[in-house]
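S.K.: Below are the sequence and a predicted model; questions follow.
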Amino acid sequence: QVQLVESGGGLVPPGGSLRLSCAASGSIRSMYVMGWYRQVPGKQRELVAVIRSGGSIIYDDSVKGRFTISRDNAQNTVYLRMNSLKPEDTAVYYCYALMTADMAVGVTSHWGQGTQVTVSS
């Protein structure tokens, strides 16, 4: 069984910074993609940033230049450094991983439990 455990959310004023972390554990064989999505009530979950095992990165346009995603492949951990935060960044942030794992057929997607990020003065 695979688990994704997130940490680092919280309340921060506009212009502030936060760092999210997500560690994947369990019977992981190969980790392909790790990243972050976010969701606000009444809206669909949307991509924030993802990073492939080879290092290529995709950012949503709304966070380019402010957020930085990084990854520790040896530890199956992904980070999201968020700078210059805006009120519209307020959301529940979910860790995402695409992998192969024991007791699973093929490539499977996994999600963390979510961590709340609130940007408000």
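M.R.: Received it, and whenever you're ready, just let me know what you need.
S.K.: Which stretches in the chain count as strands?
M.R.: With DSSP state E as the criterion, the chain has strands at 2-7, 10-12, 18-26, 28-39, 46-52, 57-59, 67-72, 77-82, 91-101, 108-111, 115-119.
S.K.: could I get these as TSV with mean neighbour count?
M.R.: For every residue, glycine as well, the C-beta is placed using N, CA and C. Putting the strands of the chain into TSV (neighbours: other CB atoms under 10 Å) gives the following:
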stretch	mean neighbour count
strand 2-7	16
strand 10-12	14
strand 18-26	18
strand 28-39	18
strand 46-52	19
strand 57-59	15
strand 67-72	18
strand 77-82	22
strand 91-101	21
strand 108-111	14
strand 115-119	18
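S.K.: will you turn those strands into TSV that also has mean pLDDT?
M.R.: Listed next are those as TSV, based on pLDDT from 0 to 100:
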stretch	mean pLDDT
strand 2-7	95
strand 10-12	98
strand 18-26	97
strand 28-39	96
strand 46-52	97
strand 57-59	98
strand 67-72	97
strand 77-82	98
strand 91-101	96
strand 108-111	95
strand 115-119	98
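S.K.: So for this protein, the centremost residue is which one?
M.R.: residue 36 (2.4 Å; CA atoms, centre = their mean).
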